[in-house]
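**Student:** Turn this into a model:
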Amino acid sequence: MSEKPSRTDAKEGGPAGASLSVIVITKNEEAVIRRCLESVQWAGELIVMDSGSTDRTLEIAAEFNAKIHVDPDWRGPGPQRSRAIAHATKDWVLALDADEWVTPGLRDEIRAVLENPRHVAYRIPRLSSFCGRFMRHGGWWPDYVARLFRRGSARYSDGLVHDHLLVEGSRGTLKQHLLHEAFCDLEEVLVAGDEATGVGVDVDVDGAPQAGVLDSGAELPDRRELLQEAQQPSAR
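**Tutor:** Below you'll find the model as predicted:
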């Protein structure tokens, strides 16, 4: 899969990055957490909010000097992100899942925005992959997610399933994309479709449902199409 952050990209910092807290919610994410944290080492603060990992997730997070907090009382992604935000100390917050990572282009755009912000929250177009192939059709792209906001100007709702970011103030949209490894293999996507339809849905910054890769209302490729996509060489 392309667009993996390099060590050089990750270490570049600056005043704008110093004003940013990155929060990541985790549980047993040792396969992906390193890539996520490498992509945001330029931020002023890394916070990992864990819900009871039993693998090497926290050991890996410690390598990046992340501030680690554990609360196994899982009440949904929104409440868990709110717990992470409570530990943030910087002016701005970028909320990520462990299977997401920031491209160099998005890093540069975020830093530019934070130097002269015009809004209190921003949506980011998310590009998701299936079995190593980025999906740019079938309702998967662009999947806008509200993840960058000024601390104190937005909060997450307490829903168990949906991840609502409620914003007090104006909102904008970034151009560079956030990368997301939605599914590693066919077994994972079939299990997710059978057991958690709708769980992976983000919503727009005004609380309106935003079609995502697991949204029951999105036009997803059928299983035969997914099989065909997975078997084709990745176009990079």
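**Student:** Please make it C-alpha for all contacts and neighbour counts, starting now.
**Tutor:** Noted.
**Student:** for the biggest strand by length in the chain, packing partners?
**Tutor:** Criterion DSSP state E: the longest strand present in the chain is strand 121-130. Applying 3 or more C-alpha pairs under 8 Å, 6 or more residues apart in numbering; DSSP states H and E, we find strand 121-130 packed against strand 143-150, strand 171-173, strand 178-183.
**Student:** got the buried residues for that strand?
**Tutor:** Residues 121-130 are the ones in strand 121-130 that count as buried (16 or more other C-alpha atoms under 10 Å).
**Student:** what angle sits between that strand and strand 143-150?
**Tutor:** 140 degrees (axes from the mean of the first three to the mean of the last three C-alpha atoms, to 10 degrees).
**Student:** For strand 121-130, which strands pair with it and how are they oriented?
**Tutor:** strand 133-134 (antiparallel), strand 143-150 (antiparallel), strand 171-173 (parallel), strand 178-183 (parallel) (DSSP bridges).
**Student:** pLDDT (mean, whole number) over that strand?
**Tutor:** Per-residue pLDDT over strand 121-130 has a mean of 88.
**Student:** got the residue ranges for the helices in the chain?
**Tutor:** 7-11, 15-18, 33-38, 57-63, 77-87, 104-115, 186-195, 223-231 (DSSP state H).
**Student:** If you average pLDDT over each of those, which is lowest?
**Tutor:** Set side by side, these give their lowest mean pLDDT on helix 7-11, at a mean of 41.
**Student:** winner for burial among the helices and strands packed on strand 121-130?
**Tutor:** Between the helices and strands packed on strand 121-130, strand 143-150 has the highest mean count of neighbours, a mean of 24, where neighbours are mean count of other C-alpha atoms under 10 Å.
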